[in-house]
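*Asks:* output the structure for:
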Amino acid sequence: MNLRRSLSTGLFIFLFAVVAVCSQQVFAQSSSTVTQSDKQEDETNLDTQLYLLVATNQEVADTKLPVALEPLVKQLRPSLPFKNYRLAATLINRVKNNGRLNLKWVGGPLGVSTEPSINPSFNEFKVNNVKVITDSKGQSVVRMEGFGFGARIPIQTSPVASTVSAPVFNYESTGLNTDISMREGEPVVVGTLHVGPSGDAIILVMSAKRSKD
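*Replies:* This next block holds a predicted model:
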């Protein structure tokens, strides 16, 4: 009887040890898989496109828009019934997943004026965190936290009195700060900013997708 009990106890201890070892191996493999997955996700890069559109009721020289933006502008026209839309700038950048982006540049005047101006605009675009997530429907979504755009735009404050005197310009600040989410690869309107006495509007359009290389 004691021998049988001893054998049963020994067998139980042996099986318990086997189960413990197997569990440790499975846990180690799972941990390794998670670590490798996290590492791959950390190395993911995103290609971002920021489009600055100017909507105006004045005549413009070039109204041609990128093909990717034509459906979006068509949807905008009923709510923003401007006569013309033009592309003022396209900014293409690459950022690491879970990374940040900050860009400053000097560009031409944002807006359309009846008096041509050589005064530049000073612009800044930043995102505190860019991250790819999967929503409840299993679709890839790009989340941008701390999205910010700011511009200092030259506004003419006095007309030209003669051919000798020059017009006077003051710089006015405009901008937008928000958090946004968008489907990967689909351009979305982030916001609109009205500039100048002419009533022109700057339309911010954003798009982002994972890099192929």
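
*Asks:* where does pLDDT dip in this structure?
*Replies:* Under the criterion pLDDT under 70, the flagged ranges of the chain are 1-42, 111-118, 158-165, 196-197.

*Asks:* hey, where'd the helices end up in it?
*Replies:* 2-42, 70-76 (DSSP state H).

*Asks:* which residues sit in contact with the residue lying closest to V130 once chain neighbours are set aside?
*Replies:* Closest residue to V130 apart from its sequence neighbours, by Cβ to Cβ, 6 or more residues apart in numbering: V95 at 5.1 Å. Where you see a C-beta, it was placed from the backbone N, CA and C, and this is true even at glycine. V95 makes contact with N45, L46, T48, L101, V127, V130, according to Cβ atoms under 8 Å, 6 or more residues apart in numbering.

*Asks:* check the residues you listed and tell me the two furthest apart.
*Replies:* N45 and V127 (14.1 Å; Cβ to Cβ).

*Asks:* between those two, tell me which one has more neighbours.
*Replies:* V127 (25 against 14; other Cβ atoms under 10 Å).

*Asks:* show me the beta-bridge partners of that one.
*Replies:* Beta-bridge pairing of V127, defined through DSSP bridges, involves L101.

*Asks:* so it versus G138, what's the distance?
*Replies:* Separation of V127 from G138 (Cβ to Cβ, to the nearest Å): 25 Å.

*Asks:* what do you get for N98?
*Replies:* In terms of Cβ to Cβ, N98 sits 21 Å off from G138.

*Asks:* give me the more crowded residue out of these two.
*Replies:* Using other Cβ under 10 Å, the more surrounded residue of N98 and G138 is N98, with 13 against 6.

*Asks:* I figured that one hits V127, correct?
*Replies:* No: the criterion here is Cβ atoms under 8 Å, and N98 misses it with V127 at 11.5 Å.

*Asks:* looking at this protein, which strand is longest?
*Replies:* strand 140-158 (DSSP state E).

*Asks:* pairing partners for it, with directions?
*Replies:* The pairing partners recorded for strand 140-158 under DSSP bridges are strand 121-134 (antiparallel), strand 168-183 (antiparallel).

*Asks:* hey, C-alpha coordinates of the first one in CSV?
*Replies:* Spelled out, it's strand 121-134. Extracted C-alpha coordinates of strand 121-134, given in CSV (Å, rounded to 0.1, in the frame of the first residue of the first chain):
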residue,chain,number,x,y,z
SER,A,121,4.0,83.9,-45.0
PHE,A,122,5.6,82.1,-42.1
ASN,A,123,4.1,78.7,-41.3
GLU,A,124,4.4,75.9,-38.8
PHE,A,125,3.0,72.4,-38.8
LYS,A,126,3.4,69.9,-35.9
VAL,A,127,2.0,66.7,-34.5
ASN,A,128,2.9,65.6,-31.0
ASN,A,129,2.2,61.9,-31.6
VAL,A,130,1.4,59.8,-34.8
LYS,A,131,0.2,56.3,-34.3
VAL,A,132,-1.4,53.5,-36.3
ILE,A,133,-4.2,51.6,-34.5
THR,A,134,-6.9,49.1,-35.4
